[in-house]
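Engineer: Sharing a model prediction with you, sequence too.
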Amino acid sequence: MPVLDDFELATEPLPNLKENEILLKPEFWSVDPYARIYPISFGYKMPMTMLGSQVAQVLESKNAKFPAGSHVVAYTGWRDVAVVDPDAIYDTYGKGHSALPKVAPAFKLPEGVSRSLLLGTLGMPGNTAYFG
């Protein structure tokens, strides 16, 4: 079982946005079962940002496809803010290719339906359960 000493809260400088980048502020984070074995299986070195996706609001944008105020599902790990280029091809840590989509527009949900469901029933786990 994980214990508090297994984690470290780290602070990183927040870069200024470059052309095509967006600044994200998560509303919900995922805690997925693959996060335990994935880093070991693919040779990630510790320390590393904890794997996971998030439903986030775009706070600032230099990308016309993702205007400020819109929402996205992104695989940026457990971060309280993230700067990403939605069109770039890189993994959660910005090094190389990934099978996971980096940033996708969040589906418009009916009023009263929580965006948190985009990380569960209406997201990757729900699609995997339904379609296999």
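Structural biologist: Nice, I can see it.

Engineer: Burial check on residue 81, number of neighbours?
Structural biologist: 14 (other CB atoms under 10 Å). All C-beta atoms are positioned from the backbone trio N, CA, C, and that covers glycine.

Engineer: in terms of contact, does it touch residue 25 like I think?
Structural biologist: Yes: Residue 81 is in contact with residue 25 according to CB atoms under 8 Å; the separation is 5.6 Å.

Engineer: Overlap in contacts, those two.
Structural biologist: residue 59 (CB atoms under 8 Å, 6 or more residues apart in numbering).

Engineer: Span of stretch 29-44 from start to end?
Structural biologist: 21 Å (CA to CA, to the nearest Å).

Engineer: I misspoke; the intended subject was stretch 76-85.
Structural biologist: 11 Å.

Engineer: And the residue nearest the centre of the chain, how far from residue 110?
Structural biologist: What sits nearest the mean C-alpha location of the chain, by CA atoms, centre = their mean, is residue 75, with 2.6 Å. Per CB to CB, to the nearest Å, residue 75 is found 25 Å from residue 110.

Engineer: With just CA atoms, put the helix-or-strand element of the chain with minimal mean pLDDT into CSV.
Structural biologist: Every helix and strand of the chain was ranked by mean pLDDT, DSSP states H and E. The lowest is helix 34-41, at a mean of 73. Taking Å, rounded to 0.1, in the frame of the first residue of the first chain, the C-alpha atoms of helix 34-41 are listed here in CSV:
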residue,chain,number,x,y,z
TYR,A,34,-2.6,1.1,-14.5
ALA,A,35,-0.7,4.0,-12.7
ARG,A,36,1.0,1.5,-10.4
ILE,A,37,2.5,-0.9,-13.0
TYR,A,38,2.8,1.4,-16.1
PRO,A,39,5.9,3.3,-14.9
ILE,A,40,7.7,0.0,-14.0
SER,A,41,6.7,-1.7,-17.3
